[in-house]
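> next comes the sequence, and after it the predicted model I'd like to discuss.
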Amino acid sequence: MKRIWWLAGIVSVFFLTIALIYMYNNADLQTVEDKKPPKQENNPVPEETKPEPVVEKPVEKTTSLTLAAVGDILIHDTVYNKAKQPSGAYNFTANFLPVKTYLTQPDITIANQETMIGGIQFGLSSYPSFNSPQEVGDALKENGVDLVTLANNHTLDRGEKIILSALNYWNEIDVMYTGAYASPDDQQTIRLMKKNDITVSFLSYTYGTNGIPVPTGKDHLVNLIEAEKIKNDIQRAKSLSDVSIVSLHFGNEYERTPNDFQKGIVKIVTEAGGDIIIGHHPHVLQPVNWETASDGSKTFVAYSLGNFLSGQRREYKDIGGIIQLTVSKRVKGEDTKIDLHEPKFLPTYVDRSFVIHPMKDLPQLKKSYDEIKAHMKQWVPELNFFE
């Protein structure tokens with residue numbers, strides 16, 4: 001009997017111990033559970049407490065450059081004979097001295113070199129078949145000219161050897177050229193110049209070559225005005241540059257207003273996307289204008305910049321000028337905007353010693369100066385003048 005009670009006691013103690021352990025663990029778990037933070041409801045944060053999203057503003061940058069252009073450099077024998085030195089060399093630096101500042105200050109200055117500078121080794125010559133001293137190139141470079149256009153009616157005057165000699169010299173003195181080329185590959189290379197993060201392209205064409213045929217298989221010697229070629233070249237140029245400049249040798253000599261052929265070619269260039277047109281050949285000034293394409297884009301046109309340096313005189317043939325434009329480029333993110341503005345003009349006069357002067361500095365020419373200003377701005381009233 002005692003043994004049964006002893007066993008019963010042991011069993012009771014065992015179960016009591018189990019019960020105490022269970023109660024202790026359960027109480028401990030409750031304590032841990034009580035210490036946990038209350039569960040958050042899966043509700044969205046109220047709209048007014050959300051932080052504003054960070055939006056990065058596009059980087060904006062604006063740069064600009066000034067571009068200047070002059071008309072015909074037409075070196076008659078009267079001009080180069082005056083420039084001949086006792087040594088037998090030629091020096092044309094003095095011809096440009098009064099206008100040097102207006103040529104060197106712009107970021108890019110271009111000129112229409114109408115006569116090939118083949119050099120004395122081939123014999124110099126004047127009208128009607130020109131070959132000029134290579135020192136003309138030296139003077140242009142020294143006075144700020146960065147690029148010359150060579151497609152004109154006198155390009156083929158003395159043949160291929162004169163052209164190649166001239167091109168070699170332009171390369172030698174590091175002055176860019178366009179419009180006449182040494183090879184097909186040279187012709188296919190679009191001329192580009194970059195200043196102030198703005199890339200400018202240059203093209204040049206002529207209406208003809210005074211009846212001299214372009215040698216068979218050598219179309220690269222001179223660019224002719226051909227609508228499809230011009231349109232294709234402009235498209236290539238625009239893919240490589242911000243601004244395209246097209247030089248056109250066209251119009252009737254000594255006529256002070258553009259003819260229908262000029263206006264037609266200008267329309268083609270404008271529709272193709274050319275930004276600036278610089279015209280020459282009439283040897284007298286023709287007005288500037290803004291032409292508008294069907295898509296609303298505008299092209300600045302100087303129909304003729306006249307003679308900048310030549311042996312021609314009277315009847316406006318000794319008057320030329322310097323046109324200047326400001327080109328601005330605004331980049332905002334992936335968007336780029338090009339703007340042409342502030343057209344400005346300096347009428348010039350070549351005296352009997354073949355020195356180029358700003359007309360504004362010659363009181364005896366005030367009447368002519370006022371007339372020239374009115375003539376040049378008749379279609380662009382906002383055209384300003386260097387005063």
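Structure's in. What do you need?
> quick one: contacts for residue 367?
Not one residue lies near residue 367 by CB atoms under 8 Å, 6 or more residues apart in numbering. In short, each C-beta sits where N, CA and C put it, glycine included.
> distance of it from residue 359?
For residue 367, the distance to residue 359 equals 11 Å [CB to CB, to the nearest Å].
> let me see the mean pLDDT of stretch 166-180.
The average pLDDT for stretch 166-180 rounds to 98.
> buried residues, it. List them.
166, 167, 169, 170, 175, 176, 177, 178, 179, 180 (16 or more other CB atoms under 10 Å).
> show me where the stretch 1-150 of the chain has its strands.
Applying DSSP state E, counting those that start in this stretch to the stretch 1-150 of the chain gives strands spanning 60-74, 108-113, 147-149.
> what is the rounded mean pLDDT of the last one?
So that's strand 147-149. 98.
> what packs against it?
strand 108-113, strand 176-178, strand 198-206 (3 or more CB pairs under 8 Å, 6 or more residues apart in numbering; DSSP states H and E).
> that one pairs with which strands, parallel or anti?
Taking DSSP bridges as the criterion, strand 147-149 sits next to strand 108-113 (parallel), strand 176-178 (parallel) in its sheet.
> re the thing from before, most packed of the helices and strands packed on strand 147-149?
Most buried of these, by mean neighbour count (mean count of other CB atoms under 10 Å): strand 108-113, with a mean of 26.
> any regions of the stretch 101-250 of the chain where pLDDT drops low?
Within the stretch 101-250 of the chain, not a single segment meets pLDDT under 70.
> next, the buried residues of stretch 378-386.
380, 383, 385.
> show me what that stretch is in contact with.
Against stretch 378-386 from outside (CB under 8 Å, 6+ apart): 102, 287-290, 322, 342-347, 358, 360, 373, 376-377.
> mark which of these are buried, thanks.
102, 287-289, 322, 343-347, 358, 360, 373, 376-377.
> from residue 334, how far out is the residue positioned nearest the centre of the chain?
Central residue of the chain (CA atoms, centre = their mean): residue 200, 2.4 Å from the mean position. According to CB to CB, residue 200 stands 22 Å off from residue 334.
> let's have the strands paired with strand 147-149 in JSON lines, adding distance to residue 83.
Below are these laid out as JSON lines (distance: least, CB to CB, whole Å):
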{"stretch": "strand 108-113", "distance to residue 83": "15"}
{"stretch": "strand 176-178", "distance to residue 83": "21"}
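> quick one: which of those strands is nearest residue 313?
strand 108-113 (19.1 Å; CB to CB).
> what sits up against that closest one?
Residues contacting strand 108-113 (CB under 8 Å, 6+ apart): 65-73, 103, 136-137, 140, 144-150, 152, 177, 193, 195, 200, 202, 245, 247, 249, 278, 280, 305, 308.
> and with 7 Å instead?
65, 67-73, 103, 140, 144-150, 152, 193, 195, 200, 247, 280, 308 (CB atoms under 7 Å, 6 or more residues apart in numbering).
> which stretches of this structure form helices?
Ranges of helices in the chain, per DSSP state H, are 2-35, 77-83, 93-96, 100-104, 135-142, 160-172, 184-188, 227-240, 260-272, 366-376.
> picking that back up, ok, of the buried residues of stretch 166-180, which one's closest to residue 258?
So of these, ranked by how close each gets to residue 258 (CB to CB), first place is residue 179, at 20.1 Å.
> tell me the contacts of that closest one?
149, 150, 151, 204, 205, 222, 223, 247.
> for residue 339, the count of nearby residues, please.
13 (other CB atoms under 10 Å).
> wait, it touches residue 300, no?
No - checked against CB atoms under 7 Å, the pair residue 339 and residue 300 is beyond contact range at 11.2 Å.
> circling back: to residue 126, which of the helices of the chain lies closest?
helix 77-83 (3.7 Å).
> and for the closest one, what's in contact with it?
90, 91, 92, 124, 126, 132, 133, 309, 310, 311, 353, 354.
> so can I have CSV of the helices of the chain showing distance to residue 59?
Formatted as CSV, the helices of the chain follow (distance: least, CB to CB, whole Å):
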stretch, distance to residue 59
helix 2-35, 53
helix 77-83, 52
helix 93-96, 42
helix 100-104, 33
helix 135-142, 37
helix 160-172, 39
helix 184-188, 35
helix 227-240, 23
helix 260-272, 32
helix 366-376, 40
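> appreciated, that's everything.
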